[in-house]
Structure formats: C-alpha cells, structure tokens
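[1] got a predicted structure here, sequence first:
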Amino acid sequence: QLQLVESGGGLVQPGGSLRLSCAASGFTLDYYAIRWFRQALGKEREGVSCISSSGGSTNYADSVKGRFTISRDNAKNTVYLQMNSLKPEDTAIYYCAAEGWVGPCRDVEDYGMDYWGKGTLVTVSS
C-alpha cells in the first residue's frame, strides 16, 4: 500500500519546538519533491515548505521563514519539518504530500500532489 504517514504533532507552549516526520511506505521518495501544508480550523489550506527530491532546494512560506527547517533522509525514506519558536498561529493540522518532480522548489504552492498523508495536529498554546 502506497502511503505517507505524518507523526510528531502534539501540544507545545509558545516558543517551543516540535519535529514532524513524514514517512513513506510502499514507494521510494527518491524522485519526489515533498511539501508540507497546514490547515487551521476555519481557514484554507496553505503551503508551508517544500524540499526537492535531492534535498538541494528548499522553500518556505514567509510566515515560517527563519523558524522552520525542512530536511530529508532518503535512506530512511523520510522527510522532516523542524519547527522552532512556535506561535499560537502555527496551530493547525499539518500534512505532507509527495510530488513526482525532480526540479527545484520554486515556491510552496500545490500543483497537484501525487500522494497525501492524513495529517498530524499541532497545537501551540499555553
């Protein structure tokens, strides 16, 4: 079964950190760019970050630049999103998605993803 599974979400205080993981099973991520999206309650889904298939190109939404870092370990078939200095407005369900694309990440938009995870909830609250 081809799937992406997110993990690492939870409750954290403002200013805290979390690391999300996106693990693939049933297929290899070697030829896929991976994007993270998030959707807060009552809001539209928005792009957060992107990493190219090689890991050599990344991109971030302005709202998370300097606080979030995306990385990947193709040997483990896993992508990570390190989130630091978390704010209450980062509260959302975070989804990872795979795009069959070996070029650079020029932005964090959704151009039609091949696979989606089911999401992991991040809550930033005191």
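    Great, that's in hand. As the structure is a computational prediction, the values presented were derived from the model and not from experiment. Numbering: from 1, shown residues only.
[2] going by C-alpha atoms from here, please, whenever you check contacts or count neighbours.
    Fine.
[3] need the nearest residue in space to the most centrally placed residue in the chain, chain neighbours excluded.
    The centroid of the chain falls nearest to Trp36 when counting by Cα atoms, centre = their mean (2.7 Å). Leaving out its chain neighbours, the residue that sits closest to Trp36 by Cα to Cα, 6 or more residues apart in numbering is Cys96, at 4.5 Å.
[4] helix, strand or coil for that neighbour?
    Put simply, Cys96 is strand when judged by DSSP: H, G, I helix; E, B strand; the rest coil.
[5] ok, now how distant is it from Ser125?
    23 Å (Cα to Cα, to the nearest Å).
[6] compare the two (neighbour count), which wins?
    Higher neighbour count among Cys96 and Ser125: Cys96, with 30 against 16, using other Cα atoms under 10 Å.
[7] just confirm the more buried one contacts Gln39, I think it does.
    No. At 11.6 Å, Cys96 and Gln39 do not qualify as touching, with contact defined as Cα atoms under 8 Å.
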